[in-house]
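> Pasting the sequence and the predicted coordinates here, then a few questions.
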Amino acid sequence: MLTRLSAVVVLMTAVLTGTAVAVPPPPPNPSDSAISASRAEAEAKAARVGELTGRLTQAESRLQELHDDVSYKRELANKARVDLETAVAEAEAARREATAARVQADAASKAVEESRRALDEFAAASYAQGSTVGSFSAYIGAKSPEDLLARAQLLEAVSASSLNRLDQVTRDQGTAANLDSAARAALQKAESKQAAADEAKKVADQAQQVAVDAHAAQASATAELQADRDAVERELVAARGAVSGLEAQRRQYDQWIEAKKREDEENARRAAAAAAAVPQAAPQAPPQRRPVAAAPAPSGNRVQTVINRALSQRGVIYAWGGGNYNGPTYGVRDGGVADSFGDYRKIGFDCSGLMMYAFAGVGVYLPHYSGYQYNSGRKVPLAQMAPGDMIFWGPGGGTHVALYLGGGMMVEAPHSGAVVRISPVRYGGIMPYATRLL
């Protein structure tokens, strides 16, 4: 009998392992939250690039406006410079004309004085000789026609020379004075124009400098925006690369899952065939199979109640810290990722909150922490997990929990930004035991 039993064992081993191809260890399996976070980061980078591109377009438009303003102010400053040069030249010409008019007026005044002095000297000489030349009495004091004639001739001589000359230089003096006055007025006007042109040039130069400074500041700001956009574009390329990498890992892992399923199905088929062969070969074999049933299967009706309650919440938003025995609740602040998604403003479930609600339907009240839930029931090896078991991730089960549905599927509240959903079981980082409560 021992020989026959050994033969059966050898046969089962051959059946189980003879031609089966073992699936290699699982490849990395990025979590849904990691993929979603990577996509969200890429989308945020793309949005940031779009924002910066819009701001850069506005900045470049503003820079062009300021460039045009600088050009305009530069031309105004150039015009003011030309106007000042013209005003300075006109003022210099007016100064020269005023100087010449002053010289002419001074010469006319001097000529008048010289003519008056000569006439006075002539009159004084005539008086000394007993005549009254230049006086009205020269006419009325004549004692004879000869005397009158002589005196008239003297007066005529004086009138023809000194008096006429005096009259002419007096007229010249008036003309020179008028010219001097006009020249001074022209000079005053020219100097006023020069002062105004000088002030206008100062104002134009200041306006030009303000425009140049504004243009320089805008150019610096535009350059910074350009640099920021370029940096974010590089980050976007990297983020999209990271998304592609994670998605490729997920595809590889999904392929591994399919291969693993095929392997498990083939092994199950072979095991069934081997088990069917054992009774004919060795009636004593059944006691050898007892360890396979070490963990009793969960009770059906209560398990289905738990599963149904969990599935009834599909589509409910994730809210970190949300959910209790009665259903979804407001989330709570975490000071980080959940807050960035506004979970504290949402009514929903987190992973352990969903388990609380599901199991409360059969009178099992779990704490709101996956690490405590991991230790709330019997530990069952993953190879023996059954529908209604809880499966966990992370040290001590403290990272995540989901409810196993069977067929390699689970229901979970995955992460911020997602909803309660059915997903394939993820083996990366999974705890080696499921927790069975029913």
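Received, thanks.
> Nearest the geometric middle of this structure, what residue?
L52 (5.0 Å; C-alpha atoms, centre = their mean).
> Next up, the contacts around it.
225, 228-229, 232 (C-beta atoms under 8 Å, 6 or more residues apart in numbering). For glycine as for every other residue, the C-beta is placed from the backbone atoms N, C-alpha and C.
> Repeat the analysis, applying 6 Å as the threshold.
L52 is in contact with 228-229, counting by C-beta atoms under 6 Å, 6 or more residues apart in numbering.
> do the same with G428
If you count contacts by C-beta under 6 Å, 6+ apart, G428 has them with N29.
> Just the element for it, please.
Following DSSP states H and E, one finds G428 outside all helices and strands.
> Quick check: the gap between it and I35.
Distance, G428 to I35, using C-beta to C-beta, to the nearest Å: 12 Å.
> How about Q255?
Per C-beta to C-beta, Q255 is found 16 Å from I35.
> same check, this time on E121
126 Å.
> between these two, who's got more neighbours?
Remark: of E121 and I35, I35 carries more neighbours, 17 against 11, as counted by other C-beta atoms under 10 Å.
> Doesn't the more buried one lie inside a helix?
Yes - under DSSP: H, G, I helix; E, B strand; the rest coil, I35 sits within a helix.
> Is it in contact with L246, as I believe?
Yes - I35 is within contact range of L246, at 5.0 Å (criterion: C-beta atoms under 6 Å).
> Count the residues that sit near A310.
Neighbour tally, A310, other C-beta under 10 Å: 26.
> Offset the numbering so it begins at 47, please.
Happy to do that; since the first residue is 47 now, the last one works out to A356.
> ok, it touching L449?
Yes - with contact defined as C-beta under 6 Å, A356 and L449 form a contacting pair (5.0 Å).
> shared neighbours of these two, which are they?
V457.
> What are the boundaries of the helices in the protein?
For the chain, the helices defined by DSSP state H occupy 48-63, 78-174, 183-186, 191-204, 210-327, 346-357, 383-386, 397-406, 416-420.
> Show me how far the longest one is from its chain's centre.
On the basis of C-alpha atoms, centre = their mean, to the nearest Å, the separation between the geometric centre of helix 210-327 and that of its chain is 10 Å.
> Report the angle between that helix and helix 78-174.
180 degrees (axes from the mean of the first three to the mean of the last three C-alpha atoms, to 10 degrees).
> tell me the average confidence for helix 210-327?
For helix 210-327, mean pLDDT is 83.
> Quick one: list the elements packing against it.
Helix 210-327 is packed against helix 48-63, helix 78-174, with contacts defined by 3 or more C-beta pairs under 6 Å, 6 or more residues apart in numbering; DSSP states H and E.
> Take the helices of the chain and lay them out in TSV including distance to Y371.
Compiled in TSV, the helices of the chain are given as follows (distance: least, C-beta to C-beta, whole Å):
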stretch	distance to Y371
helix 48-63	45
helix 78-174	25
helix 183-186	148
helix 191-204	143
helix 210-327	34
helix 346-357	10
helix 383-386	22
helix 397-406	4
helix 416-420	13
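> so which of the ones you listed is the most packed in?
Ranked by mean neighbour count, the helices of the chain are led by helix 397-406 with a mean of 25 (mean count of other C-beta atoms under 10 Å).
> Who are the packing partners of that helix?
Using 3+ C-beta pairs under 6 Å, 6+ apart, helix 397-406 sits against helix 346-357, helix 416-420, strand 446-452.
> Alpha carbons of that helix, in CSV - could you do that?
The C-alpha coordinates for helix 397-406 follow below in CSV (Å, rounded to 0.1, in the frame of the first residue of the first chain):
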residue,chain,number,x,y,z
CYS,A,397,-11.5,52.7,2.2
SER,A,398,-12.1,51.7,5.8
GLY,A,399,-15.3,53.8,6.0
LEU,A,400,-16.7,51.6,3.2
MET,A,401,-15.9,48.4,5.2
MET,A,402,-17.6,49.9,8.2
TYR,A,403,-20.8,50.4,6.3
ALA,A,404,-20.7,47.0,4.5
PHE,A,405,-20.2,44.9,7.6
ALA,A,406,-22.6,47.0,9.8
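> Could you check the angle that helix makes with strand 446-452?
Angle of helix 397-406 versus strand 446-452, following the same axes, to 10 degrees, is 50 degrees.
> Helix 397-406 vs helix 346-357, what angle?
If you take the same axes, to 10 degrees, helix 397-406 sits at 140 degrees to helix 346-357.
> Show the average pLDDT along helix 397-406.
Helix 397-406 comes out at a mean pLDDT of 98.
> same check, this time on stretch 365-384
Averaged across stretch 365-384, the pLDDT comes to 94.
> try stretch 141-156
88.
> Could you list the residues in contact with it?
Applying C-beta under 6 Å, 6+ apart, the contact partners of stretch 141-156 are 218-219, 222-223, 225-226, 229-230, 233.
> what does stretch 272-281 give?
Contacts of stretch 272-281 (C-beta under 6 Å, 6+ apart): 91, 94-95, 98, 102.
> what's the answer for stretch 440-460, then?
78, 356-357, 364, 395-398, 400-401, 416-417, 419-420, 431, 433, 435-439, 466, 468-471, 477.
> again, 7 Å this time
Around stretch 440-460, the neighbours that count as contacts under C-beta atoms under 7 Å, 6 or more residues apart in numbering are 78-79, 307, 353, 356-357, 364, 395-401, 404, 416-417, 419-420, 431, 433, 435-439, 466-471, 475, 477, 480.
> Buried residues, it. List them.
443-451, 456-460 (16 or more other C-beta atoms under 10 Å).
> Would you point out the most distant pair within these?
The most widely separated members of those, counting by C-beta to C-beta, are G444 and L451 (22.6 Å).
> Now stretch 219-230 - C-alpha only, CSV.
Provided in CSV are the C-alpha atoms of stretch 219-230 (Å, rounded to 0.1, in the frame of the first residue of the first chain):
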residue,chain,number,x,y,z
GLN,A,219,18.5,158.8,-32.6
GLY,A,220,14.8,158.2,-32.6
THR,A,221,15.2,155.5,-35.2
ALA,A,222,18.1,153.9,-33.4
ALA,A,223,16.1,154.0,-30.2
ASN,A,224,13.2,152.3,-31.9
LEU,A,225,15.5,149.6,-33.4
ASP,A,226,17.0,149.1,-29.9
SER,A,227,13.6,148.7,-28.3
ALA,A,228,12.5,146.2,-31.0
ALA,A,229,15.7,144.3,-30.8
ARG,A,230,15.4,144.0,-27.0
